[in-house]
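J.: kindly return the folded structure for what I paste below:
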Amino acid sequence: MNLRQATTADVPTLAELNHRLQNRHADAFPDRFRRDVPRGEIAEAFRNMMQAPEAFWIVAEKDGRPIAFLSAEFRKRDANWVMAAHHICYLGGIVVAPEFQRKGIARKLLDELKQEAATRGATTIELDVWAFNDEAKQAFASLGFQGMMERMTLGLAKAGGR
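T.: Residues are numbered from 1 along each chain as shown. Have a look, this model is predicted:
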């Protein structure tokens, strides 16, 4: 297995890898997530995110074929009335093809991200995980992540549907 920076040439394969995860989110929250998003739309979004100066995307490949990827963004925030100034690395996601899961690939991708975060001066790596995704929560906990915040929601009746 080889790790390298992702390029826009990888985008169609990365969009395909992301497809299963997108639909899993749509299963859990159909009012929030789209199902079967056209690959071209995902590809355009990935290209745009990948080309941002604060972006960091890496690919794990086997036999020259991407089998996993990690996307992250570096964010600097000035101090304000409630928060101290901080420089974080926001982990957008790690996606590993099903046949390669539980083989240490996510850990290797995260190790590469830790090195990049240290080089860029970030003090933490943060991420969001959806409440339904116990598998991801367990995986991230095993990688050393700890809970910091919990978001809650209250559904309201749709307009005109009282």
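J.: what number of residues lie near Ile67?
T.: Neighbour count for Ile67, taken as other Cβ atoms under 10 Å: 20. Where C-beta positions appear, they are placed from N, C-alpha and C, glycine not excepted.
J.: kindly export the strand or helix carrying it (C-alpha atoms) in CSV.
T.: For Ile67, the host element (DSSP states H and E) is strand 65-77. The C-alpha coordinates for strand 65-77 follow below in CSV (Å, rounded to 0.1, in the frame of the first residue of the first chain):
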residue,chain,number,x,y,z
ARG,A,65,-5.7,2.0,-7.5
PRO,A,66,-7.1,4.3,-4.7
ILE,A,67,-8.7,2.2,-2.0
ALA,A,68,-9.1,4.9,0.7
PHE,A,69,-8.9,8.6,1.2
LEU,A,70,-8.8,11.2,3.8
SER,A,71,-9.9,14.8,3.5
ALA,A,72,-9.1,17.6,5.9
GLU,A,73,-9.0,21.4,6.1
PHE,A,74,-6.8,23.6,8.2
ARG,A,75,-8.6,26.4,10.0
LYS,A,76,-7.2,29.4,11.9
ARG,A,77,-9.6,31.3,14.2
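J.: in its sheet, what does it sit against?
T.: If you go by DSSP bridges, strand 65-77 pairs up with strand 55-62 (antiparallel), strand 86-96 (antiparallel).
J.: mind listing what's buried in the longest one?
T.: When neighbours are counted by 16 or more other Cβ atoms under 10 Å, the buried residues of strand 86-96 are found to be 88-91, 94-96.
J.: just the helices in this protein please.
T.: For the chain, the helices defined by DSSP state H cover 11-28, 39-50, 105-120, 134-142.
J.: centroid-nearest residue for this protein?
T.: The residue lying closest to the centre of the chain (Cα atoms, centre = their mean) is Gly93, at 1.3 Å.
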